[in-house]
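Enquirer: Need the 3D shape of this:
(one chain, ligands or ions: 2)
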Amino acid sequence: MDANRLTLPSPAKLNLMLHILGRREDGYHELQTLFQFLDYGDEITFAVRDDGVIRLHTEFEGVPHDSNLIVKAAKKLQAQSGCSLGIDIWIDKILPMGGGIGGGSSNAATTLLGLNHLWQLGWDADRLATLGLTLGADVPVFVRGHAAFAEGVGEKLTPVEPEEPWYVVLVPQVSVSTAEIFSDPLLTRNTPPIKVRPVPKGNSRNDCLPVVTRRYPEVRNALNLLGKFTEAKLTGTGSCVFGGFPSKAEADKVSALLTETLTGFVAKGSNISMLHRKLQSLL
Ligand SMILES: C[C@@](CO)(OP(=O)(O)O)[C@H](O)COP(=O)(O)OP(=O)(O)OC[C@H]1O[C@@H](n2ccc(N)nc2=O)[C@H](O)[C@@H]1O
Ligand SMILES: Nc1ncnc2c1ncn2[C@@H]1O[C@H](COP(=O)(O)OP(=O)(O)O)[C@@H](O)[C@H]1O
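Expert: Ligands and ions are numbered 1, 2, ... in the order given. So this is what the prediction gives:
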């Protein structure tokens, strides 16, 4: 095996519930949310270079090279660790952008963990998660790799063990901007905090849903269609919509019916991210 080259998964996440408790002085919102991973995601390949250059070879439509979260993560880690090595990066991107399934944040976390390994930095998870938070509110949970109840803006994480059903995820063909939803005057911002642990069953509301469905009829349509078969929920600020099933066969059956008209996929929920399972297997 080539010690200078590595291919790692970059999984999606779901928000099984999302409550907005208030708005901080800096404009960010205090949340309570439950994160679970999907065994479904992008794949990123890294190859070490010794000239210090950081280069992402895969082009993203609408995202310039230096704005890509993969490049930003690599540059920050290089600067903060003082590492003189560089990296070539390629990504096989299947996660929709602006779908609320955390593709950008996950790519950033996979980059941090992959480079920590290849550049042999020896950073622990706390340090990587702290750097990750400066890239996006969802990066720390992907760095830690365990399903979690999250508070603050998503950085205070308590590991949890929700059921791991098979999910049907529908992908309405619209990209929802997180900033746009959080700046809507009609957004619910005063949900009382949940104090009971674990989060009581049935407490699965997403406070972003009314604002998102009012702005995006495509999301409302997906919720209505999936809602004929199971409880249909919105993840994050959307656009993706999901519902759980006890077996792959049942999820596949519903998915086959719905994906005649909509885009979507089936994936297993997972409390340990597939990134961390792969990294574990390398040790
Ligand atoms: C709300 C969640 C739930 O998972 O939505 P999704 O983006 O996954 O849909 C996330 O925490 C989002 O995290 P992330 O996508 O990393 O957001 P960021 O880039 O940090 O923030 C984008 C913008 O959204 C607003 N924002 C974001 C998070 C937050 N807790 N309060 C906010 O008000 C801010 O205006 C910020 O400038
Ligand atoms: N590597 C990346 N993958 C996806 N999006 C990225 C990436 N780098 C930067 N972005 C930007 O971040 C935005 C949010 O992306 P993403 O994390 O996929 O959405 P969400 O948080 O809704 O799941 C994208 O619309 C894109 O402009």
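Enquirer: Just the buried residues of stretch 267-283, please?
Expert: Neighbour-count burial for stretch 267-283, counted by 16 or more other CB atoms under 10 Å, picks out 267, 269-271, 273-276, 278-279. For every residue, glycine as well, the C-beta is placed using N, CA and C.
Enquirer: On the three-state scheme, Ala9 is what?
Expert: Quick fix: residue 9 reads Pro, not Ala. The three-state label given to Pro9 by DSSP: H, G, I helix; E, B strand; the rest coil is strand.
Enquirer: Sorry, slip of the keys, the one I care about is Asn224.
Expert: The three-state label given to Asn224 by three-state DSSP is helix.
Enquirer: before we move on, what about Arg277?
Expert: State at Arg277, reduced to three classes by three-state DSSP: helix.
Enquirer: and it, what does it touch?
Expert: Neighbour list for Arg277: empty [criterion: CB atoms under 8 Å, 6 or more residues apart in numbering].
Enquirer: how far away is it from Cys208?
Expert: For Arg277, the distance to Cys208 (CB to CB, to the nearest Å) stands at 30 Å.
Enquirer: Just give the nearest non-adjacent residue to the residue of the chain found nearest ligand 1, would you?
Expert: Of all residues in the chain, Gly236 sits closest to ligand 1, with a separation of 2.4 Å (CB to the nearest ligand atom). Nearest non-adjacent residue to Gly236, counting by CB to CB, 6 or more residues apart in numbering: Gly100, 3.2 Å away.
Enquirer: what are the ranges of the helices in this protein?
Expert: Along the chain, the stretches classed as helices by DSSP state H are 69-81, 103-118, 125-133, 139-144, 178-182, 209-215, 217-226, 248-258, 274-282.
Enquirer: close to ligand 2, is the top strand by length along the chain?
Expert: Criterion DSSP state E: the longest strand present in the chain is strand 29-49. No. Under the criterion of CB under 6 Å from any ligand atom, ligand 2 is not reached by strand 29-49; the shortest gap measures 7.8 Å.
Enquirer: So for that strand, what gets flagged as buried?
Expert: By neighbour count on 16+ other CB under 10 Å, the buried set for strand 29-49 is 29-42, 44-48.
Enquirer: Run through the residues you listed and flag the ones next to ligand 1.
Expert: 29, 31, 33.
Enquirer: what's the nearest residue to the last one if we skip its chain neighbours?
Expert: Beyond its immediate neighbours in the sequence, the residue positioned closest to Thr33 (CB to CB, 6+ apart) is Leu18, lying 4.4 Å away.
Enquirer: didn't the one you found look like it was pressed against Asn206?
Expert: Yes. Under the criterion of CB atoms under 8 Å, Leu18 makes contact with Asn206 at 4.5 Å.
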